[in-house]
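S.K.: Okay, structure incoming, though there's no sequence with it:
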């Protein structure tokens, strides 16, 4: 357990190591040039190499197999990028600026066609792109025009090959994020009372994580606090002015971002008397999550984890309430590649970080999820978020006893 008063960070030397390791993968895969794109939804590629997250704009990067990398910034973020970037060569690219196409009176602004011409060298035959689902069409077409005979391929898997197994410094940052989100839940859940709105509860969650040292909520979503049957049945939602009441589901789902790394936590809350059907479902979800946790260890495959989860739910009669498998990777994104499903042959390896998300949807009383963050250790796993295993047994289960599972993880 790390000191709750310490605030770890990724050292400069690790950013240099990352770039060197990535160039080795480029060489091994015959890729001469990589163009990466990041935006507010997924800033991870640029942040992984340069420690820069764009603000109100996008960001990009050019990585040459032979030559120094170039960071590409919008106009408004140029000074921020210079202050933060681990890559010294930074270019201003209006194509990465605000979507309103705000014009800035700044020198040295470039078009991607100009930059691609600058880095064009004889022998560039294979170009990789990172940002498969978000890469702008306009920039892609300029890449084709400047390199008409080059093969353009995805380099996304190369990046995740590096990011899948976390370094000690990355694990320290994620552990800190888990401490922050656990402490946030301890504070915010205790503040919930009948009559508060979902937005009131969100305010307590967000303000407390910032007080504890988070830079933001997790990248994928702001804290979601759906309550009652209708709102909890929305898989993703924006919080509302609905007031929470007793004996109904309040599904507190949140993550926090610390030094670019995410932690995830979700917990069902019921005020007042707990209906027996809710209590029974929470018990099954809690035990299903812990059953999967018992199987988490190096060498186990995605298919095996998926089968373990669904076999347990089938035995308990809850399979129809689960729309997806329970395990996903976690790191610079709250949910990142690789995804663990019945159709993929992904293998668990030491120093991976995953979340187990037991999500039950469309029960008669609504929907909820129980989610925790885990480190993969040499021989098993460690649960790094602590709130659920303190709160849920005491609140939901008879005599305050836990199910007896998942005793390996002590939490953050």
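M.R.: Great, that's in hand. On a predicted model such as this, the values are computed, not experimentally measured, just so you know.
S.K.: Report the central residue of the protein.
M.R.: residue 334 (1.3 Å; C-alpha atoms, centre = their mean).
S.K.: my guess is residue 292 contacts residue 305, does it?
M.R.: Yes. If you go by C-beta atoms under 8 Å, residue 292 and residue 305 touch, sitting 6.0 Å apart. Heads up, the C-betas are built off the backbone N, CA and C, glycines and all.
S.K.: Compare these two (neighbour count), which wins?
M.R.: Neighbour tally, residue 292 and residue 305, criterion other C-beta atoms under 10 Å: the higher count belongs to residue 292, 27 against 24.
S.K.: Which strand or helix spans that one?
M.R.: Using DSSP states H and E, the element containing residue 292 is helix 276-295.
S.K.: Tell me which residues of that helix come out buried.
M.R.: 278, 281-293, 295 (16 or more other C-beta atoms under 10 Å).
S.K.: so residue 106, which of the three states?
M.R.: The three-state label given to residue 106 by DSSP: H, G, I helix; E, B strand; the rest coil is coil.
S.K.: That one: neighbouring residues, count only.
M.R.: Residue 106, neighbours per other C-beta under 10 Å, totals 11.
S.K.: residues contacting the residue of the chain most remote from its centre?
M.R.: Most distant residue from the mean C-alpha position of the chain: residue 122, 38.8 Å away (C-alpha atoms, centre = their mean). By C-beta atoms under 8 Å, 6 or more residues apart in numbering, the contact list for residue 122 is empty.
S.K.: Could you tell me the model confidence score at residue 103?
M.R.: Confidence at residue 103, expressed as pLDDT, is 76.
S.K.: host element of it?
M.R.: Residue 103 belongs to no helix or strand, assigned by DSSP H and E.
S.K.: low-scoring pLDDT stretches of the stretch 251-400 of the chain, where are they?
M.R.: Applying pLDDT under 70 to the stretch 251-400 of the chain flags residues 398-400.
S.K.: ranges for the strands of it?
M.R.: Ranges of strands in the stretch 251-400 of the chain, per DSSP state E, counting those that start in this stretch, are 261-269, 327-329, 336-339, 353-363, 366-376, 381-383.
S.K.: what touches both of residue 292 and residue 305?
M.R.: Taking C-beta under 8 Å, 6+ apart as the criterion, residue 292 and residue 305 both touch 326-327.
S.K.: Looking at the strands of the stretch 251-400 of the chain, which is nearest to residue 153?
M.R.: Nearest to residue 153 among those is strand 336-339 (16.5 Å), distances taken as C-beta to C-beta.
S.K.: I figured residue 89 was touching residue 67, is that so?
M.R.: No. Counting by C-beta under 8 Å, residue 89 does not reach residue 67; the two are 9.7 Å apart.
S.K.: domains in the chain, as residue ranges please.
M.R.: Listed domain ranges for the chain are 12-163, 168-400 (source: automatic domain parsing).
S.K.: Please convert those to CSV, extending it with distance to residue 6.
M.R.: Formatted as CSV, the domains of the chain follow (distance: least, C-beta to C-beta, whole Å):
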stretch, distance to residue 6
domain 12-163, 17
domain 168-400, 8
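S.K.: Out of those, indicate the one that is most buried.
M.R.: domain 168-400 (a mean of 20; mean count of other C-beta atoms under 10 Å).
S.K.: chain center to that domain: distance?
M.R.: Computed by C-alpha atoms, centre = their mean, to the nearest Å, the separation of domain 168-400 from the middle of its chain amounts to 13 Å.
S.K.: tell me the average confidence for stretch 40-55?
M.R.: 96.
S.K.: can you tell me the distance between the two ends of it?
M.R.: Terminal residues of stretch 40-55 are spaced 7 Å apart (C-alpha to C-alpha, to the nearest Å).
S.K.: in the stretch 51-200 of the chain, which spans are helices?
M.R.: Under the criterion DSSP state H, counting those that start in this stretch, the stretch 51-200 of the chain contains helices at 78-84, 112-119, 137-146, 156-163, 168-191, 198-211.
S.K.: Export the ones you listed to CSV and append columns for mean pLDDT and distance to residue 19.
M.R.: Listed next are the helices of the stretch 51-200 of the chain as CSV, based on pLDDT from 0 to 100; distance: least, C-beta to C-beta, whole Å:
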stretch, mean pLDDT, distance to residue 19
helix 78-84, 95, 16
helix 112-119, 97, 16
helix 137-146, 97, 21
helix 156-163, 96, 10
helix 168-191, 98, 15
helix 198-211, 98, 31
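S.K.: For residue 373, which of the ones you listed is the nearest?
M.R.: helix 168-191 (5.4 Å).
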